[in-house]
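**Q** Got a predicted structure plus its sequence, pasted below:
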Amino acid sequence: MELLTSPANLPFSVALAVVSLLGVLEVVSLALGGAFSILGSAGFDTPEVELDTDVDGDGIFGQLMQWLHAGQIPASVLAILFLLSFGIAGLLLQSVLKVLTGAMLPALIAIIPAFIIALPATRVTGAVLKPLMPRDETDAVSRDSLLGSSAQITTGRARRGAPAEARLRDSHGHNYYVMVEPDHDEEVFTAGTRVVLVKRHDAIYRVIEDVQVELES
């Protein structure tokens, strides 16, 4: 308990606390019939089709998101995996240092190696989880074939340079999770906004607001 409450381990304790809170909320949701399921909203209750990740591009962020299986695993699930990996890595690191040296690193310094360790750990756990997620078909589809499709922002706020997750469904009922950002610099799309995929840069799609939905409403 002293390890968890130490100021040097505050970032890691907070990360694990957030994961634990999400777990509790999920259990409560299941007890209520799954009406507010966090994992369900993240994509576990709907089929997901794997996107072709053989995409050329030099964008660092796009390459990192591809490396972490973004588009194949919902961003909310990746966030949980990262927080869990970050918290465990940090506590293990501090525990080893405490045994070897009798002291721990300051929190602001310890988060650096913990962050570095958490990235590959997230990739590995994501790779393990990916085949277990429900899907209707396993054939990869071309990313460019999704251009022109209407999608809904599911997580975060999409700004230029700060993509958010969006979900779209094809005519066969297959769900796709993609990272999107506005095509125009001044636009910001919040969760729930309907958008249209118009361009693709690496693993990130550029989108505009779905005017047709606005007119129908």
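**A** Received the coordinates, thanks.

**Q** and the longest helix seen in the chain, what does it pack onto?
**A** Across the chain, the longest stretch assigned as helix under DSSP state H is helix 75-101. Taking 3 or more C-beta pairs under 8 Å, 6 or more residues apart in numbering; DSSP states H and E as contact, the helices and strands that helix 75-101 lies on are helix 2-5, helix 10-31, helix 107-129, strand 150-155, strand 164-169. Placement of C-beta: from N, CA and C, glycine included.

**Q** Packed most tightly, which of the ones you listed would that be?
**A** Counting by mean count of other C-beta atoms under 10 Å, strand 164-169 has the highest mean neighbour count of the helices and strands packed on helix 75-101, with a mean of 22.

**Q** residues in contact with it?
**A** Applying C-beta atoms under 8 Å, 6 or more residues apart in numbering, the external contacts of strand 164-169 come out as 43, 74-76, 146, 149-158, 175-181, 189, 191, 195, 197, 205, 207.

**Q** From the centre of the protein outward, give me the first residue you hit.
**A** The chain has A75 as the residue nearest its centroid, 1.6 Å off, counting by C-alpha atoms, centre = their mean.

**Q** distance of it from I153?
**A** 11 Å (C-beta to C-beta, to the nearest Å).

**Q** got it, and L4?
**A** Distance, L4 to I153, by C-beta to C-beta: 35 Å.
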